[in-house]
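J.: sequence-free structure coming up:
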């Protein structure tokens, strides 16, 4: 059974930092491209960042570029998202997701096969 479990969310003041983790099991982690998505109340789930299976290439939404850093540790089957200079508009539930190699890095939620349950990030002003 494939499981993706996010952790590290919480409440932080604007300008602060958080590091999210996504622990995976039941899949060959190093064979999947991985992504982080987020969903704010009343809004659709949106792409935040993605990373190739080996970690050699990354992609970011314009809204987080320069502030967020996605990384992975294939030995630990874990995905990370370092979030710096957080803004109130970053408040959302953050989800990690896994996709096959077909199509490369993608921003479409429909391209991702496996999803975690999400972790809440709240940024106060």
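T.: Looks like it arrived, so ask away. Because the structure is predicted, anything quoted here is derived from the model rather than measured.
J.: let me see the ranges of the strands in this structure.
T.: For the chain, the strands defined by DSSP state E cover 3-7, 10-13, 18-25, 33-39, 46-51, 58-60, 68-73, 78-83, 92-99, 114-115, 119-124.
J.: other SSEs contacting the first one?
T.: Other helices and strands packing on strand 3-7, by 3 or more C-beta pairs under 8 Å, 6 or more residues apart in numbering; DSSP states H and E, are strand 18-25, strand 92-99. The way it works is simple: take the backbone N, C-alpha and C, and place the C-beta from them, glycine included.
J.: let's see 10 Å
T.: On a contact count with 3 or more C-beta pairs under 10 Å, 6 or more residues apart in numbering; DSSP states H and E, strand 3-7 meets strand 18-25, strand 78-83, strand 92-99, strand 114-115, strand 119-124.
J.: list the contacts of residue 96.
T.: For residue 96, the contacting residues are 4-6, 20-24, 34-37, 48-49, 70, 78-81, 112, 114-119, by C-beta atoms under 10 Å, 6 or more residues apart in numbering.
J.: so how do I select the buried members of these in ChimeraX?
T.: Here is the ChimeraX command that picks out the buried ones among the contacts of residue 96, judged by 16 or more other C-beta atoms under 10 Å:
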select :4,6,20,21,22,23,24,34,35,36,37,48,49,70,78,79,80,81,112,114,115,116,118,119
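J.: surely residue 103 and residue 33 touch.
T.: Yes - with contacts counted by C-beta atoms under 10 Å, residue 103 reaches residue 33, the gap being 8.8 Å.
J.: shared neighbours of the two, anything?
T.: residue 111.
J.: so which of the two has more stuff around it?
T.: Between residue 103 and residue 33, counting by other C-beta atoms under 10 Å, residue 33 is the more crowded of the two (24 against 10).
J.: could you list the buried residues of stretch 102-115?
T.: Applying 16+ other C-beta under 10 Å to stretch 102-115 flags 105-107, 109, 111-112, 114-115 as buried.
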